[in-house]
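Asker: sequence below, structure please.
(chains A, B and C)
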Amino acid sequence: MTELTCIVCPVGCRLKVEQGKEGLKIIGNGCRRGVAYARDEMTAPKRMLTAVVQVAGSERMLPVKTETAIPKAKIYAAMEEIKAITVSPPVMIGQVIKENLAESGVPLVATGTIAGEGCFKPLEKSLGSE
Amino acid sequence: MSIPEVDVLVIGAGVVGAALIRELSRYELDLLLVEKEVDVSFGTSKANSGIVHSGVHDRPGTLKAQLAVRGCQLFPELAAQLGFLYKQNGAVVVARSREELAELEKLAVNGRANGVKGLSLLNQEELRRLEPNLSPELVGGLLAPSGGIVVPFDLVFALTENAVSNGAKLMVNTEVQAINPEQGGFFVRTNQGGIRAKFIVNAAGLGGSEVAAMLGDDSIQLYARKGEEYLFDRKLEGLVHRTVFPLPSQVSKGILVIPTVEGNIMIGPTAQRVETPDLSTSLAGWQEIYGEARRLVPTLQPNDLITAFSGLRAVGTTGDFMIAPSTLSPRFINAAGIESPGLTAAPAIAEYIVELLKESGLGLRRKQNFNPIRSVVRLRDLDFQAQAELMQKDAAYGQIVCRCEMVSAGEIRDAVRRGATTLDGIKLRTRSGMVRCQGGFCTPKIIRLLSEELGLPPEQISKNGPGSELLLGRLRAVQEEGRKEEQLHA
Amino acid sequence: MPKTKAVDLVVVGAGPAGMAAAVAAAEAGVEKIILLERQAELGGILPQCIHNGFGLRYFKEELTGPEYAHRFVQELKKHPGLKVKTETMVVTITPDRKVVTTSATEGLVCYQAGAVILAMGCRERPRGAINIPGTRPAGIYTAGSLQYLMNIEGFLPGRSAVILGSGDIGLIMARRLTLEGVRVKAVLELMPYSNGLNRNIVQCLEDFQIPLYLSHTVTEIFGEKRVEKVRVAPVDKDFKPIAEKGFDLSCDTLVLSVGLIPENELSLQIGVELDPATGGPVVDSFYQTTVEGIFACGNVALVHDLVDDVSTESALAGRAAAAYLKGEIKTKRWLPVKAGRNIRSIVPQRIVVGQTTPLYIRARYPERNATLHVGDGQTKQQVVSPGETIYYTLKPEDIRTADGWVEVSLEGGRVHD
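Answerer: Have a look, this model is predicted:
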């Protein structure tokens, strides 16, 4: 039997996973997502990866994430690729920064917005004028 | 590059060197102040209790007594001219038992012999009325109304800035390595090149013995006595109004409760002789200080602590300041062993050394255009109208960088122009990063402002000089550097 | 006083609390709203919290910090009467709701507000406050300021780090540093349990084989110019370090994640009453403080563990401020809450009679299978942890006004082994 802590949401259910004759038996999960998590974790564990990338002409970094979780084993390879990226503005939130990150099949997407040329001008700043 | 030739070289930009160079800048002289650290005031003068002593403690007839009483008298006018943070809040020495009351009376006699004005003995009730938060166990006190408090590094900044604006030169990062007598003066070798000086004043603090030895003068023996201090949040402002002293011990004036000029409460210092000088604080130090301070002010709570620091005093072997021309040359004046009450005495020490220099043959002609005034912008001290006018003139004063102390980008920029090159230099000049949040919010902004103003990349900005850089580099640059190293290993 | 502009509502702070409050107030019909933010960007701490884990309660989907902030920024834009002032610092607030601000672009400005919402958030506890002996070298960072330097400005602090404090920020930073190539030697926790979420212990520490030392602390810092090493020691039941069991960890960076303090300097200036248990203002069911027309919500009132809760609570405060401006909230009868067994804090502290009030409750120590009692109401609590909020929606029928207070307690639980 393997004990796992579910990381799908902040509740962090403590799961017990047993290899039965009809596949994995999972108890302790608070919701269905816990079952999927335990299955993945036992066979091919996955993680979300978030980081920042350089922006050409700016000292403000752009936050990014993998669109979905990627194989845990590819995390470091993915970080190497992320560190080599420099994006050119403008970048909109949700925009794909790199397809197929570290051959995971999952794209890297922007989680922030950079408007304007070079320098990070958060869109919301334009709200200020009266 | 030609070798600078000066009339007087002052070694060490602590409070003594700073007060002296400012005093000398009243005269038509070529002056140079050298400091081995990255900034002025970064030695003993940075970390001490900041007390302007009345002079009750010192033994009559000593230089300490004479110069402390005089120094204390000079402070109000000096503060008015230079605008450093000073307050004549008065001091009270307290007795914890009947037996100690007799000691207080002796102290009063001592103080009167030194010429301290306004001393009065207080009974328990009078003491309570003046300082209601003191322990009810205390049975009486000696009030010295001339005592005060000062922000010690602010004093040093003010003195040097005023001297520089009156023509004196300042070199930081300059370590004296050799001193050779020559016709009419000295040739001094430093890590920044040679200097010719007609007169030298050794105000090198803990380095005083080493500097004297460069001339061959082995008469100065010093050791370091460490003092830890603990600073509490400004919300305790008013806990005590006067600086509270217990009765002194053999080695020190004891653990004090000090209301700082900025409204914080500070307790300390310890007095511990150390062989290898370092600036660490210790659990034992805290326990000693907190225990003693609670005997004076029982309501003090550790929750309100915001920071701790320690400093080193240069203590001589004579029990008194050692201020005299070297036996090897009348043109070389030692100002050594300036332990407490050195900060108080500094302005008087400066006058005293000027007299010594005169006796040694330095010609003194008063400058016509000496300007005794220094001014700096402190946004938080201004009223709304003055603030608004300032912001109108220069928008940088409207941009607040430090939210705990309301310090603007304009003041940070001013601090760089006044000589700050490091995070600590900014902190000590503006208080940004000094109190509640200890720089949690403002540090990144100050790094950026320093970087812009000094024209250096952010990774070269340091806390207090080379070796204390705050950042390793940009995320990717560091990673590439790491990769290069890996390749080298492979 | 500088020239005064009359507005309906001033919201101080455009983090998750201030944004949610401002949006909710605008949606409830408040017209002239000024949202003040001292940073250049909106979102408070969110833009630097690049990790995921936000939004599951509020938006029913998992978002990163910048994405969560973005949602609210979009909402703000829908209301033309809602003006945002960034890089603007509040200097003073008076009890009669004059708010004086300063900025590089406008200098000093004073707003006379009908209502004020305090949403300043919290700040990190620095080294001095926990009094670690040793030297004072460069290389000591609070977790949040390091997070800003890395994620916003793109700087790396050093090559090897020790993290003191296992709250979520400490755990998140352990992973972040590791991913950027910094060797994290250990995460230390003074308490016998982590205050962080279980999932963060798994995905931030266990995934990267970073050791977590529970009941350990840093007893001394070494290094003249830059941190060179720290001495670590286990602590006994009274949190006193056991010096003889101490050991050294070499590192050039020490990260402190030792607690958050509500930022209440302005609240004190106004004269609102603070609750020593939360460090924030005492508020009622409407998040109104003890000074009329001054509301407080988000981490300035109580340091929450989920930003979603901050948004929920702040939207409630925003709607309440709107109701107040319309004259719909008169002084109502309220009962104080009273913390019973194993209860550290409860927000709101004043329950308005007849009002359904969501409560945020914190326990003092961990236990299992306890029953939460709130007045006459009760629920089962399988796992109680001081690091995690206990939620309870207080209904009018739960309270007996004759009691004169509402008692909250955890009963019958079993303390963890």
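Asker: in contact with the closest residue to C:Leu63 other than its chain neighbours, which residues?
Answerer: Across the structure, with Cβ to Cβ, 6 or more residues apart in numbering or on different chains as the measure, the residue nearest C:Leu63 apart from its sequence neighbours is C:Gly55 (3.9 Å). All C-beta atoms are positioned from the backbone trio N, CA, C, and that covers glycine. With contact set as Cβ atoms under 8 Å, 6 or more residues apart in numbering or on different chains, C:Gly55 has these partners: C:61-63, C:67-68, C:71, C:307-308.
Asker: roughly how far apart are C:Gly55 and B:Lys226?
Answerer: Taking Cβ to Cβ, to the nearest Å as the measure, C:Gly55 and B:Lys226 are separated by 52 Å.
Asker: for the chain, which spans come out with low pLDDT?
Answerer: Let's take chain A. For chain A, residues meeting the criterion pLDDT under 70 lie at A:116-130.
Asker: correction: the question concerned chain C.
Answerer: Across chain C, the ranges flagged by pLDDT under 70 are C:1, C:127-129, C:331, C:416-417.
Asker: closest residue of it to chain A?
Answerer: Closest residue of chain C to chain A, Cβ to the nearest Cβ: C:Asn198 (3.2 Å).
Asker: how about the residue in chain A positioned nearest to chain C, nearest residue that isn't a chain neighbour?
Answerer: Residue of chain A nearest chain C, by Cβ to the nearest Cβ: A:Gly12 (3.2 Å). Setting aside the residues directly before and after it, A:Gly12 is nearest to C:Asn198 in space (Cβ to Cβ, 6+ apart), at 3.2 Å.
Asker: is it true that the one you found touches A:Val8?
Answerer: No: judged on Cβ atoms under 8 Å, C:Asn198 makes no contact with A:Val8 at a distance of 11.4 Å.
Asker: in the longest helix anywhere in chain B, which residues are buried?
Answerer: Among the elements of type helix in chain B, defined by DSSP state H, the one spanning the most residues is helix B:63-82. Along helix B:63-82, these residues count as buried under the neighbour rule (16 or more other Cβ atoms under 10 Å in any protein chain shown): B:63-75, B:78-79, B:81-82.
Asker: for it, packing partners?
Answerer: Applying 3 or more Cβ pairs under 8 Å, 6 or more residues apart in numbering or on different chains; DSSP states H and E, one finds that helix B:63-82 contacts strand B:51-52, strand B:86-87, helix B:98-114, strand B:148-150, helix B:152-165, helix B:342-359.
Asker: contact partners for A:Ile70?
Answerer: A:Ile70 touches A:46-49, A:78, A:101-102, A:104, A:106, counting by Cβ under 8 Å, 6+ apart.
Asker: and chain C, what are its domains?
Answerer: C:1-124+C:259-331, C:126-258, C:332-417 (automatic domain parsing).
Asker: near chain C, which residues of chain A show up?
Answerer: Chain A has residues A:4-10, A:12, A:14, A:47-52, A:54, A:59-61, A:63-65, A:72, A:75, A:79, A:93, A:111-113, A:122-125, A:127-128, A:130 near chain C, with proximity defined as Cβ under 8 Å from any Cβ of the partner chain.
Asker: to what extent is the residue of chain A closest to chain C buried, counted in neighbours?
Answerer: 20 (other Cβ atoms under 10 Å in any protein chain shown).
Asker: repeat for B:Phe157
Answerer: The local packing count at B:Phe157 equals 28, with neighbours defined by other Cβ under 10 Å.
Asker: how about it: what's its closest non-neighbour residue?
Answerer: Nearest one to B:Phe157, counting by Cβ to Cβ, 6+ apart, is B:Arg429 at 6.0 Å.
Asker: part of a strand, is that neighbour?
Answerer: No: B:Arg429: not assigned to a strand; according to DSSP: H, G, I helix; E, B strand; the rest coil it is helix.
Asker: my read: it touches B:Leu423, true?
Answerer: No: when contacts are counted by Cβ under 8 Å, B:Arg429 is not listed as touching B:Leu423 (11.0 Å).
Asker: and chain A, is whatever helix or strand B:Glu452 lives in touching that?
Answerer: Element membership of B:Glu452, judged by DSSP states H and E, is helix B:443-454. No: under the criterion of Cβ under 8 Å from any Cβ, helix B:443-454 makes no contact with chain A; the nearest approach is 8.5 Å.
Asker: re the thing from before, and of the contacts of C:Gly55, the nearest to C:Pro192?
Answerer: C:Val307 (27.3 Å; Cβ to Cβ).
Asker: if I look at the closest residue to chain A within the stretch 151-300 of chain B, what pLDDT would I see?
Answerer: Evaluated by Cβ to the nearest Cβ, the stretch 151-300 of chain B has B:Asn173 as its residue closest to chain A, separated by 28.2 Å. We have a pLDDT of 96 for B:Asn173.
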